[in-house]
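Novice: this is the structure alone, sequence omitted:
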């Protein structure tokens, strides 16, 4: 018996030594080989190759100050935890990632708290009002669900909570969590970028004035070298000579992308040729085109006006590339409200916000990186787009109107009095209308077999009849990129793009334009992260309320019952085992 016990004791000691040796060996191997395992079904904690590459190339510290610390409801606690886990993932791959969580309202001095809040807003973080239930009722709390990222001497705001109009709170929270990797990696990219690609706004055809695109130009300047370019029929306005050899001249584009923002006058054939050849050399283009002229300015002194087709001489080019802009206006019951005088209080007019059906509100519904989890888009006098021909061009519909649309072919009347009447739903029965299309592939020149006579004999033409792989985005509303103003001491101060001063709401227009340009110009593939999707695992609130007592019993008694049964089984097994041994 003693010999048997001695052998058992030696076996236990040997097992302990083997376990210690295995642990030491695993730690030694782990110090040389780094890996992490993501066992979630949707690979929630697996960073993209683009993010990993960016983290490994960091040469200095990026410091995140996250303003999500404090006593918040469960939803924001979840956002806090997911943000911390994402930053821990970043830290695992780069020693240059550091962070801290801060409660911006923790200081008992209210004046200091207000000053900090003002500083955060001035740095670009948007506050969110929370209504928190307390024992005495409820209280309002201002939080800043965002972070300030710092790299060397540069700072960048990172908005972690992405509000979406008309989307349930749980889904908004889930979408915000889905966007965490992109938002943080995008901030690092903007902070560490060394050489910016060039992007130019085309002028000379009645496009929007610089003050009308001031906000988006400033936002784009964080990524790109932004400028204005007037083509003015100059053949080399968008290109430069690379080299000349054996009487052959090679050219390259001066910029990576063009933005054509709401032109209102005709493009000459030569200007169109220059843009076409820019595309043939791989240039990317965002076109925001109004095929119909309609303006709220015409309704300032009159309750009605007429919309008219706008001849821009771009129709054949767009048709060749794969789209047709229709000369119509779309009305939609899902519309942005505008202020209207609805009565009189004393000698003062009473204003109300009423939906203006000529300003459709677009809610993105596809999972493309450009529009995934994007807030609703504000439009003004928008037209429909058809995709045509060009089987070699891949066409992606980015934006559509709602299922309650109506189409008026131009010329057509625009009357303010429709806003005062109850709409006839039977008239708004058109299916969703396409209003934004992404075209990708190799385009054929619209000037193939018909070069302009004044250029036919020129040695400097450098004509290409087919493009390399490139992309064009066409939107049938030029106002999407236009910012509003506030008047201060006689000056027009540009408001953020997407902010509507009448409803005090911020729509997703700025994010849409930034996403489009990043998609067109992004060689790293960072924008593709926006298409990742995390599954929502939410409780069925109806079932929970109907069977509340049952689920309370299950959650309280079942774990205790399981522990008791497990203990009894363990006792029986050990009793039988040691009884046989004795």
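Specialist: Received it, and whenever you're ready, just let me know what you need. Quick caveat, the model's predicted, so the values are computed rather than measured.

Novice: distance of the residue nearest to residue 121 when sequence neighbours are not counted from residue 507?
Specialist: Leaving aside its chain neighbours, residue 121 sits nearest to residue 127 (6.7 Å; criterion: C-beta to C-beta, 6 or more residues apart in numbering). For the C-beta atoms, the positions are set from N, CA and C on the backbone; glycine is no exception. Distance, residue 127 to residue 507, by C-beta to C-beta, to the nearest Å: 18 Å.

Novice: more neighbours: which of the two?
Specialist: Set residue 127 next to residue 507 and count neighbours by other C-beta atoms under 10 Å: residue 507 wins out with 23 against 15.

Novice: what's near enough to touch the more buried one?
Specialist: Residue 507 is in contact with 165, 361, 375-378, 498-500, counting by C-beta atoms under 8 Å, 6 or more residues apart in numbering.

Novice: wait, residue 97 touches residue 86, no?
Specialist: No. Using C-beta atoms under 8 Å as the test, residue 97 is too far from residue 86 to be in contact (10.4 Å).

Novice: hmm, the residue nearest to residue 121 is touching residue 146, no?
Specialist: No. In this structure, residue 127 is not within contact of residue 146 by C-beta under 8 Å, at 9.1 Å.

Novice: tell me the residues that contact both of those two, please.
Specialist: Taking C-beta under 8 Å, 6+ apart as the criterion, residue 127 and residue 146 both touch residue 120.

Novice: and residue 399, that's in a strand?
Specialist: Yes. Checked against DSSP: H, G, I helix; E, B strand; the rest coil, residue 399 lies within a strand.

Novice: excluding chain neighbours, what is closest to it?
Specialist: With sequence-adjacent residues excluded and distances taken as C-beta to C-beta, 6+ apart, residue 399 is closest to residue 436, at 3.8 Å.

Novice: contacting residues around the host helix or strand of that neighbour?
Specialist: Using DSSP states H and E, residue 436 sits in strand 434-441. Applying C-beta under 8 Å, 6+ apart, the contact partners of strand 434-441 are 321-323, 330, 360, 362, 368, 370, 379, 382-387, 390, 392-401, 469-477, 519.

Novice: also stretch 302-313?
Specialist: Residues contacting stretch 302-313 (C-beta under 8 Å, 6+ apart): 205, 263-269, 272, 289-295, 298-299, 327, 329, 381, 408, 410-417.

Novice: shaky segments in the stretch 201-350 of the chain?
Specialist: For the stretch 201-350 of the chain, residues meeting the criterion pLDDT under 70 lie at 243-248, 342-346.

Novice: the helices in it, which residues?
Specialist: For the stretch 201-350 of the chain, the helices defined by DSSP state H, counting those that start in this stretch cover 214-220, 269-280, 315-321.

Novice: out of those helices, which is closest to residue 10?
Specialist: helix 214-220 (72.2 Å; C-beta to C-beta).

Novice: what comes up buried for the closest one?
Specialist: 214-217, 219-220 (16 or more other C-beta atoms under 10 Å).

Novice: same check, this time on stretch 365-379
Specialist: 368-379.

Novice: hey, which helix or strand in this protein has the poorest pLDDT?
Specialist: Here the helix or strand of the chain ranked lowest by mean pLDDT, DSSP states H and E is helix 541-546, holding a mean of 63.

Novice: pLDDT of the biggest helix by length in the chain, averaged?
Specialist: When the chain is parsed with DSSP state H, its longest helix is helix 548-581. Mean per-residue pLDDT for helix 548-581: 77.

Novice: going by neighbour count, list what's buried in that helix.
Specialist: So helix 548-581, judged by 16+ other C-beta under 10 Å, has zero buried residues.

Novice: and stretch 219-232, by the same measure?
Specialist: In stretch 219-232, the ones that count as buried by 16+ other C-beta under 10 Å are 219-220, 222-224, 226, 229, 231.

Novice: check stretch 300-312 too.
Specialist: For stretch 300-312, burial by neighbour count (16+ other C-beta under 10 Å) applies to 305, 307, 310, 312.

Novice: any chance of those in JSON lines, with distance to residue 426 too?
Specialist: Converted to JSON lines, the buried residues of stretch 300-312 look like this (distance: C-beta to C-beta, whole Å):
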{"residue": "305", "distance to residue 426": "25"}
{"residue": "307", "distance to residue 426": "23"}
{"residue": "310", "distance to residue 426": "30"}
{"residue": "312", "distance to residue 426": "34"}
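
Novice: closest one to residue 152 out of the residues you listed, please.
Specialist: Using C-beta to C-beta, the buried residues of stretch 300-312 come closest to residue 152 at residue 312, 45.4 Å.

Novice: contact partners of stretch 166-183?
Specialist: In contact with stretch 166-183 (C-beta under 8 Å, 6+ apart) are residues 47-48, 51, 75-76, 78-79, 82-83, 86, 145, 158-164, 363, 373, 376, 526-527, 529-530, 532-534, 536, 538.

Novice: ok, now with 7 Å
Specialist: 47-48, 51, 75, 78-79, 82-83, 86, 158-164, 363, 373, 376, 529-530, 532-534, 536, 538 (C-beta atoms under 7 Å, 6 or more residues apart in numbering).

Novice: what of stretch 418-426?
Specialist: 333, 340, 354, 356-357.

Novice: now with 8 Å, please.
Specialist: So stretch 418-426 is in contact with 333, 338, 340, 342, 354-357, 404, going by C-beta under 8 Å, 6+ apart.

Novice: what is the most widely separated pair among the contacts of residue 507?
Specialist: Those two in the contacts of residue 507 that are separated most widely, counting by C-beta to C-beta, are 361 and 499, at 14.6 Å.

Novice: for the closest residue to residue 310 other than its chain neighbours, list each beta-bridge partner.
Specialist: Of all residues not flanking residue 310 in the chain, residue 293 sits nearest, at 4.6 Å (C-beta to C-beta, 6+ apart). Residue 293 has these beta-bridge partners by DSSP bridges: residue 308.

Novice: where's residue 158, which helix or strand?
Specialist: With DSSP H and E as criterion, residue 158 is part of strand 154-159.

Novice: mind listing what's buried in that strand?
Specialist: 156-159.

Novice: now do stretch 499-515
Specialist: Here stretch 499-515 shows 499-500, 505-515 as buried, counting by 16+ other C-beta under 10 Å.

Novice: looking at the buried residues of strand 154-159, spot the one nearest residue 120.
Specialist: Using C-beta to C-beta, these come closest to residue 120 at residue 157, 8.3 Å.

Novice: show me what contacts that closest one?
Specialist: Counting by C-beta under 8 Å, 6+ apart, residue 157 makes contact with 123-125, 146-149.

Novice: list only buried entries from the residues you listed.
Specialist: 125, 146-149.

Novice: switch those residues over to JSON lines; also include pLDDT and distance to residue 18.
Specialist: Output for those, formatted as JSON lines (pLDDT from 0 to 100; distance: C-beta to C-beta, whole Å):
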{"residue": "125", "pLDDT": "84", "distance to residue 18": "54"}
{"residue": "146", "pLDDT": "89", "distance to residue 18": "51"}
{"residue": "147", "pLDDT": "91", "distance to residue 18": "47"}
{"residue": "148", "pLDDT": "92", "distance to residue 18": "51"}
{"residue": "149", "pLDDT": "93", "distance to residue 18": "47"}
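
Novice: grab the nearest non-local neighbour of residue 197.
Specialist: residue 256 is the one closest to residue 197 (C-beta to C-beta, 6+ apart), at 4.3 Å.
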